[in-house]
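In: Have a look at this prediction, sequence included:
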There are 2 protein chains.
Amino acid sequence: MTQTPPAKPRNASKTAAGARKAGRGPAKTDMAGIAAIDGGADVEQRIYQSVFDGVLNQRLPPGTKLPEPALCSLFGVSRAVVRKVLQRLEHDHIVELRPNRGAVVAAPTPEETRKIFEARRALEAALVELAVQRHSGKDIEELHALLHQEEEAMANAYQPAWAQTARNFHLRVAALGGNPILLAYLTELISRCSLIVALYEPAGNAACEHEEHCDIVDAISKGDAKRAVAAMNAHLVGLEERICLERPSSVKTLAQMLNLA
Amino acid sequence: MTQTPPAKPRNASKTAAGARKAGRGPAKTDMAGIAAIDGGADVEQRIYQSVFDGVLNQRLPPGTKLPEPALCSLFGVSRAVVRKVLQRLEHDHIVELRPNRGAVVAAPTPEETRKIFEARRALEAALVELAVQRHSGKDIEELHALLHQEEEAMANAYQPAWAQTARNFHLRVAALGGNPILLAYLTELISRCSLIVALYEPAGNAACEHEEHCDIVDAISKGDAKRAVAAMNAHLVGLEERICLERPSSVKTLAQMLNLA
DNA sequence: GCTCATAAAATCGTCAACGATTTTTAGAAA
DNA sequence: TTTCTAAAAATCGTTGACGATTTTATGAGC
């Protein structure tokens, strides 16, 4: 389950000095070292990814506390690196950092939800318009390939995988716009939307969404900017309307939620 | 010269334990303690603000190195807090953080510049359209007040002050759109644009820009969305066209550039 | 049994120090 | 003088520890 959150390729050259140090003092939690398989790769990205995936797959419901010491022993790193990752997650609105009170998984309010979708509509409209201007024939082929992937994911009926392909589709369309900055903003917004959808959507409208994706590609391939924008808007409005406001909750350990057990 | 970069109200309750500790060891730079007047207020915001202002006012040209130890002694804090601020500045694209090689003031390439302006046009177009829908009579009054401020700033002919009022105008118009998320993105982009404009614009087109601002307000007040969007676009295109690619450079100390001397 | 005050535990914010990497400087050879 | 090499300095990444704040647990009083 490898998602595609904002990648941070920096820090490619790691010291990895601490990771080699023998015992890092007696760990108090019984699950210490579970994720310390490591080896020296980019630990920050791994932690970010784990939390990100956990949130998107509903293993980490909103309000879940993410204590720094727990993450430290789970990933075998010191608090400084965990803290840095948490800051990045906060900036991406995945978690909320309350001073002196720790980090929790963000819980978007209905009002925020509305604004997030409104912003997303604005950005995707602008990007689709650019995509219509700038796309090539090869791009359309790739979009069709993505649509085919969606059909396969639908057949499997595994929601997280389907959601992933849907995200990919939107991001690929946006990439055709050719503006990395707008694309980065949209990536952020799609993450937040996915978080919300993962929480609230009853799931089961995949076929409907897929149809709408096809419409969008059709309009783009024909160079019909107006229709492409309209189709995208209708799609996003539909997505927002389908969400309802209940949320389940069960009691698990943090390691379980992060899929590290 | 108090700008308005993305405010971070968090960390309102500070420990301020370290700030009271007597001597923090002998400082090597002769300008140590200059900015340590402090008192316990929000230090992070002060550091962010200083660098931000320094960049916008051209005291910190692109490529200027920002060594952590220097900032530490200048502001009388440890590297942890400086490091946190630098991370925030990096995220806002004000500085660039090169692993193991330190932080430098960001130097946008011409290509980046084009993309930044393109993204800004897309966002401001969307926000102006929302503003036309949602503005009230009182909002128009406030915009007129801002336009009046611009005239005063023009009379003084002090470029940074004028740039500040121009920023305020755009942000206020955007605020009328009523979407905090799009507003936050635009705030980021306006900062980056200001950085670029401060660097490259020959300055002297204030009157011209002011006229265009007036046009925009006029269109909004009359509820003419199409004209408002067109006016905003024309304004931004003009702004981009006026920039040219030279840059001055002089040798100063970091304390001088940060206006702490 | 419930409520409130107190103490213990957990957690966070900051700091100083160590090791690693990069940059700069100094010096020898061509 | 220039160029290349090696040592020194500067700078960064990470860690462990200390104090402060918050949260949870405990127990007396009603």
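Out: Okay, I see it.
In: Can you show me the strands along the stretch 51-200 of chain A?
Out: A:65-66, A:95-98, A:102-105 (DSSP state E, counting those that start in this stretch).
In: Can you list the buried residues in the last one?
Out: Neighbour-count burial for strand A:102-105 flags A:103-105 (criterion: 16 or more other Cβ atoms under 10 Å in any protein chain shown). C-beta here means a position set from N, CA and C on the backbone, and glycine is covered the same way.
In: Just the closest residue of the stretch 101-250 of chain A to DNA strand D, please.
Out: Using Cβ to the nearest atom of the strand, the single residue of the stretch 101-250 of chain A nearest to DNA strand D is residue A:101, 4.3 Å away.
In: Tell me how many other residues crowd that residue.
Out: Neighbour count of residue A:101, defined by other Cβ atoms under 10 Å in any protein chain shown: 9.
In: And it, its phi and psi?
Out: When read as degrees, to the nearest 10, the backbone of residue A:101 gives phi -120, psi 0.
In: Relative to residue A:67, how far out is it?
Out: Using Cβ to Cβ, to the nearest Å, one gets 11 Å for the distance from residue A:101 to residue A:67.
In: ditto for residue A:214
Out: Distance, residue A:214 to residue A:67, using Cβ to Cβ: 45 Å.
In: Who has more neighbours out of these two?
Out: Using other Cβ under 10 Å, the more surrounded residue of residue A:214 and residue A:67 is residue A:214, with 16 against 12.
In: Could you verify my assumption that the more buried one touches residue A:146?
Out: No - with contact defined as Cβ atoms under 8 Å, residue A:214 does not reach residue A:146; the gap is 10.7 Å.
In: Arrange the strands of the stretch 51-200 of chain A in JSON lines, one row each, with mean pLDDT and distance to residue B:55 as further columns.
Out: Listed next are the strands of the stretch 51-200 of chain A as JSON lines, based on pLDDT from 0 to 100; distance: least, Cβ to Cβ, whole Å:
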{"stretch": "strand A:65-66", "mean pLDDT": "93", "distance to residue B:55": "34"}
{"stretch": "strand A:95-98", "mean pLDDT": "95", "distance to residue B:55": "26"}
{"stretch": "strand A:102-105", "mean pLDDT": "94", "distance to residue B:55": "30"}
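In: Between these, which one is closest to chain B.
Out: Smallest distance to chain B across the strands of the stretch 51-200 of chain A (Cβ to the nearest Cβ): 6.9 Å, for strand A:95-98.
In: Not counting its own residues, what contacts the closest one?
Out: With contacts defined as Cβ atoms under 8 Å, 6 or more residues apart in numbering or on different chains, strand A:95-98 is touched by A:51, A:66, A:86-87, A:89-90, A:103-107, B:10.
In: Quick one: name the residues of the stretch 1-150 of chain A near chain B.
Out: Applying Cβ under 8 Å from any Cβ of the partner chain, one finds that the stretch 1-150 of chain A approaches chain B through A:10-13, A:84, A:87, A:91, A:97-100, A:115-116, A:118-119, A:122-123, A:125-127, A:130.
In: For chain B, what's the nearest residue on the stretch 151-261 of chain A?
Out: For the stretch 151-261 of chain A, Cβ to the nearest Cβ, closest residue to chain B: residue A:181, 4.2 Å.
In: tell me the contacts of the residue lying closest to that residue once chain neighbours are set aside?
Out: Leaving aside its sequence neighbours, residue A:181 sits nearest to residue B:119 (Cβ to Cβ, 6 or more residues apart in numbering or on different chains; 4.2 Å). By Cβ under 8 Å, 6+ apart, the contact set of residue B:119 is A:179, A:181-182, A:185, B:189.
In: again, but for residue A:165
Out: With contact set as Cβ under 8 Å, 6+ apart, residue A:165 has these partners: A:146, A:149-150, A:153.
In: Just the residues you listed: which are in helices?
Out: Members of those lying in helices (criterion: DSSP state H): A:146, A:149-150, A:153.
In: can you list these in a markdown table and add pLDDT?
Out: Formatted as a markdown table, those follow (pLDDT from 0 to 100):
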| residue | pLDDT |
| --- | --- |
| A:146 | 97 |
| A:149 | 95 |
| A:150 | 95 |
| A:153 | 92 |
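In: mind listing what's buried in the longest helix seen in chain A?
Out: Within chain A, and with DSSP H defining each element, the longest helix by residue count is helix A:110-134. For helix A:110-134, a neighbour-count test (16+ other Cβ under 10 Å) marks A:112-113, A:115-132 as buried.
In: Let me see the mean pLDDT of that helix.
Out: In this model, helix A:110-134 has an average pLDDT of 96.
In: Could you do stretch A:200-208 as well?
Out: Here stretch A:200-208 scores 75 as its mean pLDDT.
In: what about residue A:109, neighbour count?
Out: Neighbours of residue A:109 (other Cβ under 10 Å): 8.
In: Could you report the distance from it to residue A:57?
Out: Distance, residue A:109 to residue A:57, using Cβ to Cβ: 22 Å.
In: what residues does chain A put near DNA strand C?
Out: Within chain A, the positions adjacent to DNA strand C are A:13, A:15, A:17, A:66-70, A:79-80, A:83, A:97, A:99-103 by Cβ under 7 Å from any atom of the strand.
In: Mind picking the two most distant members of the ones in helices among the contacts of residue A:165?
Out: Maximum pairwise distance in the ones in helices among the contacts of residue A:165, criterion Cβ to Cβ, is 10.3 Å, between A:146 and A:153.
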